[in-house]
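# Have a look at this prediction, sequence included:
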Number of protein chains: 2
Amino acid sequence: MLDVAARLFREQGYGSVSLRKIAQVGGIKAGSIYYHFGSKDEIVLSILDAGIKAVHAEMRRAVLSQAADASAEVILRAAITAHLRALLDVSDYSSANVRIFGQVPQSVRDANLPTRRSYEAEWDSLLARLQVGGALKQNVDVRHLRLMLIGALNATLEWFDPARGSVEALAETYADVFVHGILEKQDV
Amino acid sequence: MLDVAARLFREQGYGSVSLRKIAQVGGIKAGSIYYHFGSKDEIVLSILDAGIKAVHAEMRRAVLSQAADASAEVILRAAITAHLRALLDVSDYSSANVRIFGQVPQSVRDANLPTRRSYEAEWDSLLARLQVGGALKQNVDVRHLRLMLIGALNATLEWFDPARGSVEALAETYADVFVHGILEKQDV
DNA sequence: CGCCATACCTAACAAGTGTTAGTTATGTGT
DNA sequence: ACACATAACTAACACTTGTTAGGTATGGCG
């Protein structure tokens, strides 16, 4: 049932998906939903939390599975790829989260915040580690970089089309920009 | 009246803003709105279009006002700053656009597309120019870069807080990443 | 003054929303 | 066979939504 709801939210956004619509696609009647859940907010919150946890797990796994002597660039690429894969490939929950977070009632957003913060902290600690190691430039602010990274990655949801290229290729493209920048190196 | 609507849409999103709410804040009654507009969709579309046109104008002006011999980096920084300024500082219409585009009915989104495409084309032509000039790396795909750039910039709307730093400083931070990347240069 | 367009108001409409109470079918364990 | 939990259904509720029809002030112009 949650699967159905997550898919609908991802496809149509929060406002256009009523309980009756979810119920219909799930093959039951609207009232019956209240046997499984206490309210619409509860459903939405479940989906939001599950969405973050899915990306979080994917990203954490990707980072941890790197060799001990892996370079900062390799680790970063793995994390970016994992995030994008969860978002665009694996999980309706993750994509639903990104799509509808800005549309749900404030109370639901607040309830989702702790889970969200936990994922953000994972990124912050990764980036801080790379910075202490000397690979990441000392003058970049970790919080800003994390916001920029996740923001840029999440935005792909709005236009990504698997027919035009793989998630992995897209991840490499994005990583290239973040790692090396887009301008030709000048002889200063 | 449109000003009021744009502000409410920016603040609360599409779904939570009813005609009655707009009317109330505007100091009239709901029915009276139909003297000025034909439908809610018409209002929303006006705001969406005006939003894009505002960023477009700001960005174009910023680029055109650069000296003829300005470097690619300087031009790029000006464009980025202009986009962010329109979004975070100047125009409720621009911010409303970014915030609610994904929430409005498909028909409204479609109607807004031409205006949107025109702005995208402006970026594409700028980036293509820089690439032909040799400043922008030859192997970056202009379309992808534009999607990434605008996506990253638009995402700032969700968290930017003027109390924590100026728009201009943020623009420089973002430009730094795009131009030079985030990793320390290595001796290969 | 009367005429008329402008700008608003009131009151209702049909449709859709989340939610609840009470009821019914379906199997499982004793 | 009976009891019981599970999982559904029906039908209604109170409310909000975009929208419309018809009425009412206001003020400028001949």
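Perfect, thanks for sending it. Numbering: from 1, shown residues only, chains lettered A, B, ... in the order given.
# any residue of the longest helix seen in chain A up close to DNA strand C?
With secondary structure taken from DSSP state H, chain A has its longest helix at helix A:106-132. No. Contact of helix A:106-132 with DNA strand C is not found when judged by Cβ under 7 Å from any atom of the strand; the minimum separation is 10.8 Å. C-beta here means a position set from N, CA and C on the backbone, and glycine is covered the same way.
# same thing with stretch A:83-98?
No. Using Cβ under 7 Å from any atom of the strand, stretch A:83-98 stays clear of DNA strand C, coming no nearer than 14.8 Å.
# same thing with stretch A:17-32?
Yes. Interface with DNA strand C: stretch A:17-32 contributes A:18-21, A:30-31 (Cβ under 7 Å from any atom of the strand).
# Poorly predicted segments of chain A, please.
A:186-188 (pLDDT under 70).
# Quick one: the helices in it, in order.
A:2-12, A:19-26, A:33-36, A:40-64, A:72-85, A:92-100, A:106-132, A:142-155, A:167-180.
# contacting residues around the third one?
So that's helix A:33-36. With contact meaning Cβ atoms under 8 Å, 6 or more residues apart in numbering or on different chains, helix A:33-36 is reached by A:1, A:19, A:22-23, A:43.
# can you tell me which of these are up against DNA strand D?
Among those, DNA strand D is touched by residue A:23 when using Cβ under 7 Å from any atom of the strand.
# Let's have the contacts of helix A:33-36 in a markdown table, adding neighbour count and distance to chain B.
Below are those laid out as a markdown table (neighbours: other Cβ atoms under 10 Å in any protein chain shown; distance: Cβ to the nearest Cβ, whole Å):
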| residue | neighbour count | distance to chain B |
| --- | --- | --- |
| A:1 | 16 | 23 |
| A:19 | 17 | 15 |
| A:22 | 22 | 16 |
| A:23 | 18 | 20 |
| A:43 | 21 | 16 |
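# so residue A:177 sits right up against residue B:181, yeah?
Yes. The pair formed by residue A:177 and residue B:181 meets the contact definition of Cβ atoms under 8 Å, at 7.4 Å.
# How much space separates residue A:138 from chain B?
Residue A:138 sits 8 Å away from chain B, going by Cβ to the nearest Cβ, to the nearest Å.
# Near that residue, how many other residues are there?
If you count neighbours by other Cβ atoms under 10 Å in any protein chain shown, residue A:138 ends up with 8.
# Tell me if I'm right that it and residue A:132 touch.
No. Residue A:138 lies out of contact with residue A:132 (Cβ under 8 Å); the separation is 9.6 Å.
# Which of the helices of chain A has the highest mean neighbour count?
helix A:92-100 (a mean of 25; mean count of other Cβ atoms under 10 Å in any protein chain shown).
# Can you tell me, leaving aside adjacent residues, what's nearest to residue A:171?
Of all residues not flanking residue A:171 in the chain, residue A:81 sits nearest, at 4.0 Å (Cβ to Cβ, 6 or more residues apart in numbering or on different chains).
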